[in-house]
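J.: Have a look at this prediction, sequence included:
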Amino acid sequence: MKAVLLGIGIGFLLVLITPKCLDVETKSGSTVITTSSDPEFTFVIDSLKAAGFAVENHYPVYIRLIKRRVDGEIVSHAMSIAKSLKTHTGNSVKVQIDANGGSVTVDPDRGIINPSEIIVR
């Protein structure tokens, strides 16, 4: 009984001290588009999920897509998706695809990039 009460107490404490998510603001003061407020971004992500990709969302920095096997070159798939994201959202989003036993990261403006350039905070 003590263990259950202790677990509930710790869980309640964690809920209270966990920081709340806030909207990120750019230097100009405008709010960065989030997945919930951008139907175009949501459309692209839903399309990728329907195509069988597992999506790890770090928008607007990068999107990581995981699939066991894709037809053709993963570089062409990654560039196509990155350009589609840029067209739909207006933001240049890096896309990393892990498929066919390899991994590639592309930027819609610069092409193939080194994955070490992606900084996740």
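T.: Nice, I can see it.
J.: how deep is the closest residue to Lys94 other than its chain neighbours tucked in, by neighbour count?
T.: Using CB to CB, 6 or more residues apart in numbering and skipping the chain neighbours, the partner closest in space to Lys94 is Tyr62 (3.8 Å). C-betas here are computed from N, CA, C, even on glycine. Tyr62: 23 surrounding residues under other CB atoms under 10 Å.
J.: Ser103 now?
T.: Neighbours around Ser103, by other CB under 10 Å: 14.
J.: Glu56 now?
T.: Glu56 has 12 neighbours, counted by other CB under 10 Å.
J.: what residues are up against it?
T.: Glu56 makes contact with Ile63, Arg64, Leu65, Ile66, according to CB atoms under 8 Å, 6 or more residues apart in numbering.
J.: Out of these, which comes closest to Ser47?
T.: Ranked by distance to Ser47 (CB to CB), these are led by Leu65 at 11.4 Å.
J.: Can you check my assumption that the closest one lies in a strand?
T.: Yes. Counting by DSSP: H, G, I helix; E, B strand; the rest coil, one finds Leu65 located in a strand.
J.: Contact partners for it?
T.: Contacts of Leu65 (CB under 8 Å, 6+ apart): Leu48, Phe53, Ala54, Val55, Glu56, Ala78, Ile81, Val95, Gln96, Ile97, Asp98, Ala99.
J.: Please repeat the previous calculation with a cut-off of 7 Å.
T.: By CB atoms under 7 Å, 6 or more residues apart in numbering, Leu65 lies in contact with Leu48, Phe53, Val55, Val95, Gln96, Ile97.
J.: Okay, and which of the residues you listed map to strands?
T.: Val55, Val95, Gln96, Ile97 (DSSP state E).
J.: Val106 pairs with what?
T.: Taking DSSP bridges, one obtains Val95, Ile112 as the residues bridged to Val106.
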